[in-house]
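A.B. asks: quick one: sequence plus predicted model below, questions after.
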Amino acid sequence: MNIERVETGALTATLNVKLSPSDYTPGVEKALKEQRKNAVLPGFRPGQVPMHLIKKRVGRAVLVNEVERLIDANLREYLQTNAIRVLGQPLPLVESASQNNWEEPGELTFAYELGLAPSIEFDLSEKLGVTYPVVEVNEELVEREVADMRRRFGTVEEVEVSAEKDMLLGDMIERNADGTIKEGGIMNRTSMSLEFIEDVASKDALTGKKVGDEVVLDPHKVSKDHDDLARMLGVDHERVHHLESDFLFRITRIKRMVPVELGQDLFDRVYGKDAVSDEEGFRNKVREGLEHMFRRDSDRIFKRLVMKKLVETTDFELPHTFLKRWIKETSKEPVTLEQIETNYTAYASGLKRQLLEERVIEKYGLEAKGEELDAFAKRYVSDQFAQYGMPAPEGDQLQQMAARLLGDREQIGRIRDSIVEQKLNTHFKALLSPKEEKVSFDTFVTLARTA
């Protein structure tokens, strides 16, 4: 097999592939013999069908399969041997293959278009001017966390009249357009928390009600989405698309979360026996916990801010025409050129960020190593046992469980990403020496969403 590379642009090339009969004939003959062993045709004993009949029935399919196998293997080897970094995958040029004679094959020729990864040079230094965002943990945040802890460790009580944060249990009953109960309609016992109902009118209608009261509701306004509504009504997802009438909600029980008192019992339940002895010490521990939690989030946001700034300050091109063709030909669902154009800017921006991050990892040797993956998996297994108060396995048993974890492609991908992200954060902090910038909680949330 002969493969020739022809440059067609700054970031595109064509690979011209030629196969002679000596390349594909051995594989084709071997496959045909296997076909003959298992072939069954009227008038012939199993395995005795003449070869010319086998070739007539499956010869072309066998040839095509063998040629595709050879090209795939040799293209991958060629790209690897010549250190050619491609975007996406080689795309066949149909017009080149159409000239081949599959009925009387001799020399076969094909051409594949390549999109080449750009060469990327960047400046990772303090000149980027990226600060390290730190949430200013004020009294409002501490009080919010204390209130949440009091509710979390509180008790649920039955009450007579509903308030704005209560949970209502009752029956959702489908009605006709005239307000009568629909015969054979939906009837399902469910629950809803008034605290999480966003529609103000629906929330007001359910507040101040007693057991036995009935309220007319639009089910779409007391659920988050169609999946949530389907669970509320006890029906499949498809059925909720066709609901048009209101429902009657008949209240059967009203439950209220009563927060635990702010005292020693709560202190012990949150932080352990006698770890905290007064409210001031409790609030200080809460503050420390929030600062530690936000610090982990600060690391993630800082890394994203650095990458965002690097993308803005690093100029490199992409083979746009090739990428648009690649998207169209490899998309799981059919897409039009108009759809590709509409979404391409966002796609290209995401790809640039990915390529730049890969280049940073490559330049500074930040890829996760085998021993790091293994150590992470062992820690993960041990932490899972500790979470349930069980002794962690040791020695060979721990190694076997870690190996099973690393045998899962999705799991190993997540582990690799966690290790690399931690390395990137450490490296960015060391190189950029960022100044800490105190920000409000709302600003921090915005950064987390937009960075």
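C.D. replies: Sure, I can see it. This structure is a prediction, so every number in the text was calculated from the model and none was measured. Residues are numbered from 1 along each chain as shown.
A.B. asks: buried residues, stretch 434-441. List them.
C.D. replies: Buried residues in stretch 434-441, counted by 16 or more other Cβ atoms under 10 Å: Pro434, Val439, Phe441. C-beta: built from backbone N, CA, C; applies to glycine.
A.B. asks: now, which of those sits nearest Leu290?
C.D. replies: Closest to Leu290 out of the buried residues of stretch 434-441 is Phe441 (9.6 Å), distances taken as Cβ to Cβ.
A.B. asks: touching, the closest one and Arg144? I think so.
C.D. replies: No - at 9.2 Å, Phe441 does not count as touching Arg144 under the criterion of Cβ atoms under 8 Å.
A.B. asks: tell me the buried residues in stretch 13-20?
C.D. replies: Ala13, Thr14, Leu15, Val17, Leu19.
A.B. asks: any residues touching stretch 366-381, and which ones?
C.D. replies: 360-361, 392-393, 398-399, 401-403, 405-406, 412, 415-416, 418-420, 423-424, 427 (Cβ atoms under 8 Å, 6 or more residues apart in numbering).
A.B. asks: buried ones in that stretch, by neighbour count?
C.D. replies: Applying 16+ other Cβ under 10 Å to stretch 366-381 flags Leu366, Ala368, Glu372, Leu373, Asp374, Phe376, Ala377, Lys378, Tyr380, Val381 as buried.
A.B. asks: which residues sit against the longest strand anywhere in the chain?
C.D. replies: In the chain, taking DSSP state E as the definition, the longest strand is strand 247-258. Residues outside strand 247-258 that contact it (Cβ under 8 Å, 6+ apart): 151, 154-163, 165-175, 181, 186, 189, 206, 209-219.
A.B. asks: again, but for stretch 194-211
C.D. replies: Outside stretch 194-211, the residues touching it (Cβ under 8 Å, 6+ apart) are 160-168, 192, 215-218, 221-222, 224, 249, 251-254.
A.B. asks: of the contacts of strand 247-258, keep whichever come out buried.
C.D. replies: Judged by 16+ other Cβ under 10 Å, buried ones among these: 162, 166-168, 170, 172-175, 186, 206, 209, 211, 213, 215, 217, 219.
A.B. asks: quick one: which of those sit in strands?
C.D. replies: Among these, the members falling in strands are Met167, Leu168, Gly170, Met172, Ile173, Glu174, Val215, Leu217 (criterion: DSSP E).
A.B. asks: show the pLDDT at the residue nearest to Val135 when sequence neighbours are not counted.
C.D. replies: Closest residue in space to Val135, ignoring its immediate chain neighbours: Phe294 at 4.1 Å, by Cβ to Cβ, 6 or more residues apart in numbering. pLDDT, Phe294: 94.
A.B. asks: count the residues that sit near Phe294.
C.D. replies: Here the number of neighbours of Phe294 (other Cβ atoms under 10 Å) works out to 19.
A.B. asks: my guess is it contacts Val445. True?
C.D. replies: No - Phe294 lies out of contact with Val445 (Cβ under 8 Å); the separation is 10.7 Å.
A.B. asks: quick check: neighbours shared by these two?
C.D. replies: With Cβ under 8 Å, 6+ apart as the test, Phe294 and Val445 reach no residue in common.
A.B. asks: which helix in this structure has the most residues?
C.D. replies: Secondary structure of the chain per DSSP state H: the longest helix is helix 279-313.
A.B. asks: following that helix in sequence, what is the next regular element?
C.D. replies: helix 320-330 (DSSP states H and E).
A.B. asks: determine the set of other helices and strands touching that next one.
C.D. replies: Contact partners of helix 320-330 among helices and strands, from 3 or more Cβ pairs under 8 Å, 6 or more residues apart in numbering; DSSP states H and E: strand 91-92, strand 108-115, helix 337-363.
A.B. asks: what are the buried residues along the lowest-mean-pLDDT helix or strand in the chain?
C.D. replies: Ranking every helix and strand in the chain by mean pLDDT, DSSP states H and E puts helix 94-97 at the bottom, with a mean of 80. Residues Ala97 are the ones in helix 94-97 that count as buried (16+ other Cβ under 10 Å).
A.B. asks: need the buried residues of stretch 434-441 in a markdown table with distance to Ala386, secondary structure and pLDDT, can you?
C.D. replies: Below are the buried residues of stretch 434-441 laid out as a markdown table (distance: Cβ to Cβ, whole Å; DSSP: H, G, I helix; E, B strand; the rest coil; pLDDT from 0 to 100):
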| residue | distance to Ala386 | secondary structure | pLDDT |
| --- | --- | --- | --- |
| Pro434 | 33 | coil | 95 |
| Val439 | 34 | strand | 94 |
| Phe441 | 31 | helix | 93 |
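A.B. asks: ok, Lys303 - contacts?
C.D. replies: Glu421, Leu424, Asn425, Phe428.
A.B. asks: in what helix or strand does the last one lie?
C.D. replies: Right, the one you point to is Phe428. helix 409-432.
A.B. asks: got the contact list for that helix?
C.D. replies: With Cβ under 8 Å, 6+ apart as the test, helix 409-432 has contacts from 124-126, 128, 130, 132, 299-300, 302-303, 306, 357, 360-361, 364, 366-368, 372-373, 376-377, 380, 405-406, 434.
A.B. asks: buried residues in that helix?
C.D. replies: Residues of helix 409-432 classed as buried: 412, 415-416, 419-425, 427-428, 432 (neighbour count, 16+ other Cβ under 10 Å).
A.B. asks: how is this protein divided into domains?
C.D. replies: 2-115, 155-258, 297-450 (automatic domain parsing).
A.B. asks: now tabulate those domains in a markdown table and tack on distance to Glu140.
C.D. replies: Output for these, formatted as a markdown table (distance: least, Cβ to Cβ, whole Å):
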| stretch | distance to Glu140 |
| --- | --- |
| domain 2-115 | 48 |
| domain 155-258 | 19 |
| domain 297-450 | 8 |
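A.B. asks: closest one to Tyr271 among these?
C.D. replies: Nearest of the domains of the chain to Tyr271, taken as Cβ to Cβ: domain 297-450 at 17.2 Å.
A.B. asks: Pro10 contacts Phe316, correct?
C.D. replies: Not Pro; residue 10 is Ala. No - between Ala10 and Phe316 there is no contact under Cβ under 8 Å: 10.7 Å.
A.B. asks: who has more neighbours, those two?
C.D. replies: Neighbour count, other Cβ under 10 Å: between Ala10 and Phe316, Phe316 has more, with 16 against 9.
A.B. asks: can you list the low-confidence ranges for this protein?
C.D. replies: Within the chain, no stretch has pLDDT under 70.
A.B. asks: measure the residue of it positioned farthest from its centre to Pro92 for me?
C.D. replies: In terms of distance from the mean C-alpha position of the chain, Gly43 ranks first, at 56.9 Å (Cα atoms, centre = their mean). Using Cβ to Cβ, to the nearest Å, Gly43 is found at 41 Å from Pro92.
A.B. asks: repeat for Gln35
C.D. replies: Distance, Gln35 to Pro92, by Cβ to Cβ: 26 Å.
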